[in-house]
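A.B. asks: just the structure for this:
(chains A, B and C)
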Amino acid sequence: MAVAGVSTFNSTQEEVLIFKKESRWKEVIRRLKKDRLAMLGLAVVCAMILFALLADAIVPYSVALKMNLKLKLALPSWAGGPAGYWFGCDGYGRDLFARCLHGSRVSLLIGFATSFATLAVGSLLGALVGYVGGRLDDLVMRALDIFSAIPSTLFAMAVVAAMGPGIVNICIAISLTNIPGFVRIVRSSVLNVAEQEYIEAARAGGASIPYILVKHVLPNTVGTLIVQTTANVASMILTAATLSFLGLGINPPQPEWGALVSEGKEFLRTAPHLILFPGVMICVASFSMSVLGDGLRDALDPRLRN
Amino acid sequence: MHRFIFKRLLMMIPIVIGVSFLIFVIIDMIPGDPGSNLLGAGARQEDIDMLNEELGYNRPLLQRYGKYMYDALFRFDLGKSYATKKPVVTEISNRLPISLTVAFNAILFSLVFGVPLGVLSAVKQNTLFDRIPTGLALLLAAQPAFLIGLLLMLIFSLRLGWFPANGIASWKSYVMPMIALGLPYGGRQLRFTRSSMLETIRQDYVRTAKAKGATARLVIWKHAMKNALLPVITVAGNSFGILIGGAIATETLFGLPGLGSFIVAGIKQKDVPVVTGGIIVFAVVFSFVILAVDLSYAFVDPRIRAKYSGRRG
Amino acid sequence: MKKVRMALLVTLVLMVFAFPAPGAEERTLNLSTLAPLTTIDPHATSNIQDIIFHRQIFEPLFFQNEATGKYEPRVAESYSISDDNLTYTFNIRKGIKFHNGEALKADDVVFSLNRALKSSKVRSYLASVAEVKALDDYTVTIRLGQPNAAFLNSQNMIMILSRKEVEEQGDEFGTKLTLAGTGPFYLTSLQHDVEWTCAAFADYYRGAAAIKKLHYVPITEASAGLIAFESGELDWYIAPIANWDALTNNPKYRTELVTANHISYVAVNYEHPPLNDDNIRLAIAYAIDKDAMNIACYDGNAVNADFMAPPENTGAPTKGVVYNYDPEKAREYVKKSAFPNGTKIGIINCSAGGYFEKMAQVLQSNLADIGLICDINRLDSATNLEMARNQKYDLLCTGLSPYGDYESLRMYSYTKMKGAYMVKYEGEKFDYKTMDDLWDAGIATTDLGERETIYSRLSDWIAGTATLLPIFHKVQPYAWTPNLVVPVNYPNYPQVYEWSWAKK
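C.D. replies: Numbering: from 1, shown residues only, chains lettered A, B, ... in the order given. Sure thing, here's the model as predicted:
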């Protein structure tokens, strides 16, 4: 990983590291700022998070639960539906806008929580086995082989069926299926980094394993981790949606985008707006996370700079 | 090379044992028993007990698992389905070809439109030829599979009457599942090809080749493509592996009696032999696919071939 | 690849030589089930999707017509009951042939009933049977251990099979093609989870069916099934209610809404506080807006239920204690309870995927309106059932299909039959012995008037506990092509034998 400007710099190992870190992050941010699509993605993601946080101030949660069966499947107000219902009403006459808005809380929570959980568990485990190697490495990797040989949707289904529904259990099920892939990525990055000279130097200097892992190994794999995590957020939201489709999503009446889409499925032909709005939400969230991830990857990989 | 393959085949045995044990334990944790499940609401406890006894479900978990593994490893017998009483091996051998066909078609379809568009958007980076396909790919990848499937059905079955909405009567039945599954994966394939191509294009030897005066097209096709193909193979192989058992929503929607929906039905009915057998077969197929991917690596890249021939696998 | 090319070629050829339409008589009737067949052995299943199909190829001794409630002779021509109500003598119809060509004898009947008695799936229908005997080749007597007024009703669920065919197939019976039935159609091909076909049985004793060929496919996804129906792949279909208006308004289809022999209800677990408070349970009973549930689940097409059984069932009550939506009264009961300001009352359980989760959501909303707060736990149907059986729920939204007689409701409350009831009445709280005695009395007499009196008392006893709250009888939205003549659409089990192709 040669960074521009480093090759001519001539000093001790420690100073090179510091220089690398600072200039590298500045460089990354500079490059990211130039990527207009990625910045758009970032803006949309931030806006969505903001809306999710402020959801209660915009429309109280009780509105998202308030039934009025006279308004079952009512059209959006701008399409001739009752006034005040921008997205129309669902199969119980509940305000679809309020449900989409409050649904973003759960969906984004599932997306981010599971991504960070896999990030934390996966990277720690990956770094540990990659660095320690030997028996531990063999044992953990074989165990992960077993996990990843099971189709993830089926595994998640079985786990949710065994543990019961609910946000926490769903997050655990989804995270479990994603950890093996994550461990592999981090482990191979660690193996790459561990062979570098400065790590060997640190080890020779008597630094403890956890110290080396946290201080030297993790920061150097951080790029890969960020990219993988942003990509994960989008795919986790979709996985949760698939679980909802298979009837194992979060409990009603709490709104969640995937659940809203699968609830709307039976009305696809009579009231397509029920699928349209949450569908667009999933699309926008996943799209913006993906372009942000792509932009970050391009910015982090020096070979891709223009 | 032979040694490498042999070693990998041998490694499947602990995977099969591990997978089946894991599934046994998880299914056991699901509340209820197959007897009360199969008899449904309104059944008497004495009938439930009788059925569980018939099914051998009243024995302890480890004993059941031991018998199952013994039969599976030494007699290639995966037991009988609790619900249909048919041998699981027969059921799976009916379903696996369907799942394989669907997965293969979908991957082929995703490659056919994903790879060329990916190359195009990499070569024409930051132009409209890049933005439009990439945007499209991201949109497709963000769609739940059942939604694409339903829309396809409305158009091609109902409006146009080209393909049947249900069943596996002829080759026509496989067209819509292929598109419904292939589209999102094609989107993924496109993005992967693009970034892999970009990485290779930027690599020094490609630059050197360019500098030496080779025409751009030659550089792309001869040098870059071959190297950029490696990660694409991995993604295709992985997706193929995932799709064999993972295309559940699509199988349900189009009424395809595949492996995925079989296992799902098994989970719902606590049909332990079905779930375990199905997932074991899936794990074995998956391992074979991964092996094939690794071997194709060796085929494309002589350096990796050399590594496999050496002592460390 | 070859196959694909051949198929392409054939398609092209067919398109070029616009083939003549087959004569109306030979046309195949395309039908679907909501799930793959689990078995073809009628004694080895209690799955309603299996039973719907089995009824086209197998027959019981006497058949109970769902629409009229009357018993029609099938394998047996007539029957008589001994004075002590304990012995039924069935006169077997002469000249009946099984699909394999063999003649049906009393021996087959005895074999079938004894076989059913050993099956965990169906033996509960014959719970009162003590002995089955053949007097001669065409007379069978069934002796009951105790009187059972609903015996004719429950024997309706036991199909008569060919002893020879079943014994020949042994363990494999049920998993492969069989000709062991006497019904109007016989199996011609069988792939449990893909498709199966039948042909009209030429030697059928009531005369061969008008429709000569049947083709079944399992379609689990309702919206996909509807598209299959609309594109002509199916001739008759139980449509999703969400698309009902579009179907009825389309002149291309015939449609009919038929009330199913089914009851959707809410069970209340009185053992879990605060649901042990009588006033809270009464408040819940009055808080339920049946109309709202009906609209949410069936667009208002279902039939609101007053009692725990469809009115057409034998012995079903027509008057007595009924709770209807009255939020004012509900609030009064909350005030009278130990929790005048409302309280958390626990969790509503329901199974995922069907309309029960809709019922649960409306129930939650109805209860919130009177200050009773609860959560919903949406479970896969197996887990839901398991928890319901073990009273591991507070409130439960579910449904049941009785089979024609009020007696079939017994297993949901009778305390002497462990495992079936959802609400466990045994205990300090209620005088459950009275209820048990009423159930016993209900089948001890064959006098219908007497039975109706007993069941009406039972109905009031159950309603008095406010633990089983009837909501509605769901509807079957049937749709079919105008080419098809369907004289009667039945609540649960279609009888394809009665159908015919329209004359052109």
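A.B. asks: for chain C, what are the nearby residues on the stretch 101-250 of chain A?
C.D. replies: When proximity is defined by C-beta under 8 Å from any C-beta of the partner chain, the stretch 101-250 of chain A lies next to chain C at A:A161, A:G164, A:P165, A:G247, A:L248. C-beta here means a position set from N, CA and C on the backbone, and glycine is covered the same way.
A.B. asks: apply 6 Å and report the result again.
C.D. replies: Within the stretch 101-250 of chain A, the positions lying close to chain C (C-beta under 6 Å from any C-beta of the partner chain) are A:A161, A:P165, A:G247.
A.B. asks: flag the shaky bits of the stretch 101-250 of chain B, pLDDT-wise.
C.D. replies: Applying pLDDT under 70 to the stretch 101-250 of chain B flags residues B:203-207, B:209-223.
A.B. asks: all helices of the stretch 401-504 of chain C, in order?
C.D. replies: Taking DSSP state H, counting those that start in this stretch as the test, the helices found in the stretch 401-504 of chain C are C:432-444, C:448-465.
A.B. asks: columns mean neighbour count and distance to C:Q155 on top of the ones you listed, output as JSON lines?
C.D. replies: Rendered in JSON lines, the data for the helices of the stretch 401-504 of chain C read as follows (neighbours: other C-beta atoms under 10 Å in any protein chain shown; distance: least, C-beta to C-beta, whole Å):
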{"stretch": "helix C:432-444", "mean neighbour count": "18", "distance to C:Q155": "14"}
{"stretch": "helix C:448-465", "mean neighbour count": "19", "distance to C:Q155": "18"}
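A.B. asks: between the ones you listed, which one is nearest to chain B?
C.D. replies: Between chain B and the helices of the stretch 401-504 of chain C, the shortest gap by C-beta to the nearest C-beta is with helix C:432-444, which sits at 14.1 Å.
A.B. asks: tell me which strands and helices that closest one is in contact with?
C.D. replies: Helices and strands touching helix C:432-444, by 3 or more C-beta pairs under 6 Å, 6 or more residues apart in numbering or on different chains; DSSP states H and E, are helix C:448-465.
A.B. asks: the inter-axis angle of the helix it packs on versus helix C:432-444?
C.D. replies: With axes from the mean of the first three to the mean of the last three C-alpha atoms, to 10 degrees as the basis, helix C:448-465 and helix C:432-444 are set at 160 degrees to each other.
A.B. asks: which helices and strands sit right next to helix C:448-465?
C.D. replies: Counting by 3+ C-beta pairs under 6 Å, 6+ apart, the packing neighbours recorded for helix C:448-465 are helix C:432-444.
A.B. asks: show residues contacting the helix it packs on.
C.D. replies: Defining contact as C-beta atoms under 6 Å, 6 or more residues apart in numbering or on different chains, one finds that helix C:432-444 is touched by C:147-150, C:407, C:410, C:414-415, C:425-426, C:451, C:454-455, C:457-458, C:461.
A.B. asks: hmm, back to that, make CSV from the helices of the stretch 401-504 of chain C and add mean pLDDT to it.
C.D. replies: Compiled in CSV, those are given as follows (pLDDT from 0 to 100):
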stretch, mean pLDDT
helix C:432-444, 93
helix C:448-465, 94
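A.B. asks: let's check: the centremost residue of chain A is which one?
C.D. replies: Among the residues of chain A, A:V233 comes closest to the average C-alpha position under C-alpha atoms, centre = their mean, at 1.7 Å.
A.B. asks: where does chain B get nearest to chain C, residue-wise?
C.D. replies: For chain B, the residue closest to chain C is B:Q45, as judged by C-beta to the nearest C-beta, at 2.8 Å.
A.B. asks: how many residues are close by that residue?
C.D. replies: B:Q45 has 14 neighbours, counted by other C-beta atoms under 10 Å in any protein chain shown.
A.B. asks: what does the stretch 151-300 of chain A put close to chain B?
C.D. replies: Taking C-beta under 6 Å from any C-beta as the criterion, the neighbours of chain B within the stretch 151-300 of chain A are A:151, A:153-154, A:157-158, A:161-162, A:241, A:245, A:268, A:283, A:286-287, A:290.
A.B. asks: could I get those as CSV with pLDDT and neighbour count?
C.D. replies: CSV is the format used below for those (pLDDT from 0 to 100; neighbours: other C-beta atoms under 10 Å in any protein chain shown):
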residue, pLDDT, neighbour count
A:P151, 84, 26
A:T153, 83, 25
A:L154, 86, 25
A:M157, 86, 24
A:A158, 87, 25
A:A161, 85, 25
A:A162, 87, 18
A:A241, 78, 30
A:F245, 74, 23
A:L268, 84, 21
A:C283, 85, 17
A:S286, 84, 25
A:F287, 84, 20
A:S290, 82, 25
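A.B. asks: those: which two are farthest apart?
C.D. replies: A:A162 and A:F287 (33.8 Å; C-beta to C-beta).
A.B. asks: in a helix, C:C397, correct?
C.D. replies: No. The secondary structure assignment for C:C397 gives strand rather than a helix, going by DSSP: H, G, I helix; E, B strand; the rest coil.
A.B. asks: circling back: mind putting the helices of the stretch 401-504 of chain C in JSON lines, distance to B:R3 included?
C.D. replies: Shown next, in JSON lines, are the helices of the stretch 401-504 of chain C (distance: least, C-beta to C-beta, whole Å):
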{"stretch": "helix C:432-444", "distance to B:R3": "73"}
{"stretch": "helix C:448-465", "distance to B:R3": "73"}
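A.B. asks: much appreciated, bye for now.
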